[in-house]
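# with the input below, show me the fold.
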Amino acid sequence: MASDDSVIVHDTRRSVTSGIKFDNTQPTNPPLLQITPEIAKQPVPVRRAYVQNGSNLKLVYSYQLKQTAHWYHGHVNAVTGEVEAVNDWTANAIYPVIPVGVASTDAGLIMNVNSADVVLAKASPQGWHKAGVSFTDTRGNNVYAIPNTADPAKNVRPDGGATLDFTPFAPDFTKSADRYTAGGTVQLFYALNHGARPVIPVRV
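Numbering: from 1, shown residues only. You can find the predicted model right below:
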(Lines give C-alpha, C1' and ligand atoms only; values in the text may rest on other atoms or scores of the structure.)
Protein backbone atom coordinates (compact mmCIF):
# COMPACT_ATOMS: atom_id res chain seq x y z
CA MET A 1 0.00 0.00 0.00
CA ALA A 2 1.36 3.38 -0.97
CA SER A 3 1.94 5.75 1.91
CA ASP A 4 0.31 8.63 0.01
CA ASP A 5 -2.88 6.61 -0.31
CA SER A 6 -2.90 5.91 3.43
CA VAL A 7 -2.43 9.59 4.23
CA ILE A 8 -5.35 10.54 1.99
CA VAL A 9 -7.70 8.06 3.65
CA HIS A 10 -6.50 8.96 7.16
CA ASP A 11 -7.08 12.66 6.46
CA THR A 12 -10.56 11.89 5.19
CA ARG A 13 -11.30 9.66 8.18
CA ARG A 14 -10.33 12.43 10.62
CA SER A 15 -12.69 14.83 8.84
CA VAL A 16 -15.56 12.38 9.23
CA THR A 17 -15.16 10.71 12.60
CA SER A 18 -14.29 13.73 14.70
CA GLY A 19 -17.25 14.32 17.03
CA ILE A 20 -19.50 11.79 15.30
CA LYS A 21 -20.96 8.68 16.95
CA PHE A 22 -22.88 6.12 14.91
CA ASP A 23 -25.97 4.45 16.36
CA ASN A 24 -25.17 0.84 15.44
CA THR A 25 -22.58 -1.32 13.75
CA GLN A 26 -24.49 -2.52 10.70
CA PRO A 27 -23.39 -1.85 7.10
CA THR A 28 -25.23 1.07 5.54
CA ASN A 29 -26.56 1.96 2.10
CA PRO A 30 -27.23 4.78 1.20
CA PRO A 31 -24.27 6.57 2.78
CA LEU A 32 -24.33 7.59 6.43
CA LEU A 33 -23.14 11.04 5.39
CA GLN A 34 -21.01 12.90 2.88
CA ILE A 35 -18.06 15.19 3.51
CA THR A 36 -16.21 17.63 1.27
CA PRO A 37 -12.51 17.65 2.17
CA GLU A 38 -10.08 19.88 0.28
CA ILE A 39 -8.39 16.86 -1.29
CA ALA A 40 -11.52 15.67 -3.14
CA LYS A 41 -13.20 16.96 -6.31
CA GLN A 42 -16.68 16.14 -5.04
CA PRO A 43 -18.40 15.11 -1.78
CA VAL A 44 -17.06 11.86 -0.33
CA PRO A 45 -19.73 9.26 0.56
CA VAL A 46 -19.11 7.38 3.81
CA ARG A 47 -20.68 4.01 4.55
CA ARG A 48 -20.27 1.24 7.09
CA ALA A 49 -19.21 -1.97 5.40
CA TYR A 50 -17.27 -5.19 5.97
CA VAL A 51 -13.91 -6.32 4.58
CA GLN A 52 -12.80 -9.92 4.70
CA ASN A 53 -9.76 -10.91 6.73
CA GLY A 54 -9.22 -14.62 6.17
CA SER A 55 -12.35 -16.30 7.55
CA ASN A 56 -13.30 -13.19 9.56
CA LEU A 57 -15.05 -9.94 8.71
CA LYS A 58 -13.99 -6.50 9.90
CA LEU A 59 -16.40 -3.59 10.26
CA VAL A 60 -15.03 -0.56 8.42
CA TYR A 61 -15.91 2.93 7.26
CA SER A 62 -15.85 2.88 3.47
CA TYR A 63 -14.84 6.06 1.59
CA GLN A 64 -14.88 6.86 -2.14
CA LEU A 65 -12.62 9.83 -2.85
CA LYS A 66 -12.42 11.20 -6.39
CA GLN A 67 -9.52 13.42 -7.45
CA THR A 68 -8.43 14.78 -10.82
CA ALA A 69 -6.18 11.84 -11.72
CA HIS A 70 -7.27 9.21 -9.16
CA TRP A 71 -10.38 7.66 -7.67
CA TYR A 72 -9.62 6.06 -4.32
CA HIS A 73 -11.76 3.57 -2.42
CA GLY A 74 -10.53 3.28 1.17
CA HIS A 75 -11.59 1.17 4.14
CA VAL A 76 -10.85 2.32 7.68
CA ASN A 77 -11.35 -0.04 10.65
CA ALA A 78 -14.40 1.19 12.59
CA VAL A 79 -12.86 0.08 15.90
CA THR A 80 -9.13 0.81 15.67
CA GLY A 81 -9.08 3.57 13.03
CA GLU A 82 -6.42 1.71 11.04
CA VAL A 83 -6.50 1.75 7.23
CA GLU A 84 -7.45 -1.77 6.13
CA ALA A 85 -7.25 -1.26 2.35
CA VAL A 86 -6.94 1.40 -0.34
CA ASN A 87 -7.72 0.79 -4.00
CA ASP A 88 -7.19 3.21 -6.86
CA TRP A 89 -9.83 2.61 -9.50
CA THR A 90 -7.89 4.67 -12.05
CA ALA A 91 -5.45 2.83 -14.30
CA ASN A 92 -2.83 4.99 -16.00
CA ALA A 93 -1.57 3.65 -19.31
CA ILE A 94 1.95 4.20 -20.69
CA TYR A 95 2.29 4.70 -24.45
CA PRO A 96 5.72 4.81 -26.22
CA VAL A 97 4.81 7.30 -28.93
CA ILE A 98 5.74 10.41 -30.84
CA PRO A 99 3.74 13.10 -29.00
CA VAL A 100 0.96 14.87 -30.85
CA GLY A 101 2.29 17.98 -32.56
CA VAL A 102 5.67 16.48 -33.50
CA ALA A 103 6.02 15.82 -37.23
CA SER A 104 9.39 14.05 -37.32
CA THR A 105 9.74 10.31 -36.83
CA ASP A 106 13.29 10.51 -35.47
CA ALA A 107 13.83 7.67 -33.03
CA GLY A 108 14.95 10.09 -30.34
CA LEU A 109 11.50 11.68 -30.25
CA ILE A 110 9.76 8.58 -28.93
CA MET A 111 8.47 9.34 -25.43
CA ASN A 112 6.67 7.27 -22.82
CA VAL A 113 3.43 9.23 -22.44
CA ASN A 114 1.31 8.69 -19.31
CA SER A 115 -2.43 8.69 -19.93
CA ALA A 116 -2.92 10.77 -16.78
CA ASP A 117 -1.24 13.65 -18.63
CA VAL A 118 -3.21 13.44 -21.87
CA VAL A 119 -6.66 11.93 -21.26
CA LEU A 120 -9.39 14.58 -21.26
CA ALA A 121 -11.49 13.87 -18.18
CA LYS A 122 -14.68 15.41 -19.60
CA ALA A 123 -14.42 13.46 -22.86
CA SER A 124 -13.19 10.15 -21.38
CA PRO A 125 -13.88 10.15 -17.61
CA GLN A 126 -13.00 6.44 -17.36
CA GLY A 127 -9.91 6.63 -19.54
CA TRP A 128 -9.30 5.45 -23.09
CA HIS A 129 -9.59 1.70 -22.53
CA LYS A 130 -13.17 1.34 -21.32
CA ALA A 131 -16.27 0.94 -23.46
CA GLY A 132 -18.83 -0.75 -21.25
CA VAL A 133 -16.12 -3.27 -20.34
CA SER A 134 -12.43 -2.63 -19.70
CA PHE A 135 -9.84 -3.53 -22.35
CA THR A 136 -6.08 -3.89 -21.98
CA ASP A 137 -5.30 -3.66 -25.69
CA THR A 138 -5.83 -0.88 -28.26
CA ARG A 139 -9.60 -0.73 -27.87
CA GLY A 140 -11.70 1.67 -25.85
CA ASN A 141 -14.47 4.22 -25.78
CA ASN A 142 -13.15 6.25 -28.73
CA VAL A 143 -10.99 4.05 -30.96
CA TYR A 144 -10.55 0.42 -31.97
CA ALA A 145 -7.07 0.08 -33.52
CA ILE A 146 -5.72 -3.16 -35.02
CA PRO A 147 -3.00 -4.01 -37.58
CA ASN A 148 -4.18 -4.81 -41.12
CA THR A 149 -1.39 -6.81 -42.72
CA ALA A 150 -1.52 -9.45 -45.44
CA ASP A 151 -0.91 -12.10 -42.77
CA PRO A 152 -4.05 -12.49 -40.60
CA ALA A 153 -1.96 -14.15 -37.89
CA LYS A 154 -0.12 -10.85 -37.37
CA ASN A 155 -3.29 -8.76 -37.06
CA VAL A 156 -3.33 -8.82 -33.28
CA ARG A 157 -3.93 -5.75 -31.12
CA PRO A 158 -0.98 -4.79 -28.89
CA ASP A 159 -1.88 -5.64 -25.28
CA GLY A 160 -0.55 -3.62 -22.34
CA GLY A 161 -1.68 -6.12 -19.72
CA ALA A 162 -3.28 -5.27 -16.40
CA THR A 163 -0.99 -2.24 -15.94
CA LEU A 164 -1.66 -0.91 -19.48
CA ASP A 165 2.08 -0.71 -20.13
CA PHE A 166 2.66 -0.54 -23.89
CA THR A 167 6.39 0.22 -23.70
CA PRO A 168 7.38 -3.26 -25.02
CA PHE A 169 5.88 -2.13 -28.36
CA ALA A 170 8.10 0.94 -28.78
CA PRO A 171 8.98 1.21 -32.49
CA ASP A 172 12.53 0.73 -33.67
CA PHE A 173 12.92 2.94 -36.75
CA THR A 174 16.23 1.31 -37.66
CA LYS A 175 14.23 -1.72 -38.82
CA SER A 176 11.77 -2.13 -41.66
CA ALA A 177 8.25 -0.84 -41.07
CA ASP A 178 6.74 -4.32 -40.92
CA ARG A 179 8.84 -4.96 -37.81
CA TYR A 180 7.11 -2.28 -35.75
CA THR A 181 3.48 -2.65 -36.82
CA ALA A 182 2.46 -3.07 -33.17
CA GLY A 183 4.20 0.18 -32.29
CA GLY A 184 2.39 1.92 -35.12
CA THR A 185 -0.91 0.61 -33.81
CA VAL A 186 -0.18 2.02 -30.35
CA GLN A 187 0.74 5.35 -31.96
CA LEU A 188 -2.52 5.39 -33.90
CA PHE A 189 -4.57 4.55 -30.81
CA TYR A 190 -2.87 7.35 -28.85
CA ALA A 191 -3.14 9.97 -31.61
CA LEU A 192 -6.80 9.37 -32.47
CA ASN A 193 -7.82 9.35 -28.82
CA HIS A 194 -6.64 12.93 -28.55
CA GLY A 195 -9.76 13.87 -30.48
CA ALA A 196 -12.02 11.82 -28.17
CA ARG A 197 -14.43 11.24 -31.01
CA PRO A 198 -17.10 8.50 -31.17
CA VAL A 199 -15.83 4.94 -31.67
CA ILE A 200 -13.77 4.71 -34.87
CA PRO A 201 -12.78 1.22 -36.15
CA VAL A 202 -9.37 1.66 -37.79
CA ARG A 203 -6.72 -0.59 -39.27
CA VAL A 204 -3.05 0.13 -39.99
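# quick check: domain ranges of the protein?
Here the chain is described, according to automatic domain parsing, as comprising the domains 3-88, 94-203.
# lowest-confidence stretch among those?
Ranked by mean pLDDT, the domains of the chain bottom out at domain 3-88, with a mean of 67.
# contacting residues around the closest residue to G160 other than its chain neighbours?
Spatial nearest neighbour of G160, excluding adjacent residues (CB to CB, 6 or more residues apart in numbering): F166 at 4.4 Å. C-betas here are computed from N, CA, C, even on glycine. Applying CB atoms under 8 Å, 6 or more residues apart in numbering, we find F166 in contact with A93, I94, Y95, P96, P158, G160, V186.
# ok, of those residues, which one's closest to K175?
P96 (14.8 Å; CB to CB).
# gap between the nearest residue to the closest one once chain neighbours are set aside and F189?
What sits nearest to P96 in space, not counting adjacent residues and going by CB to CB, 6+ apart, is A170, at 3.6 Å. Distance, A170 to F189, using CB to CB, to the nearest Å: 14 Å.
# same question, M111
15 Å.
# how about S134?
15 Å.
# what's the answer for R157, then?
Taking CB to CB, one finds R157 at 9 Å from F189.
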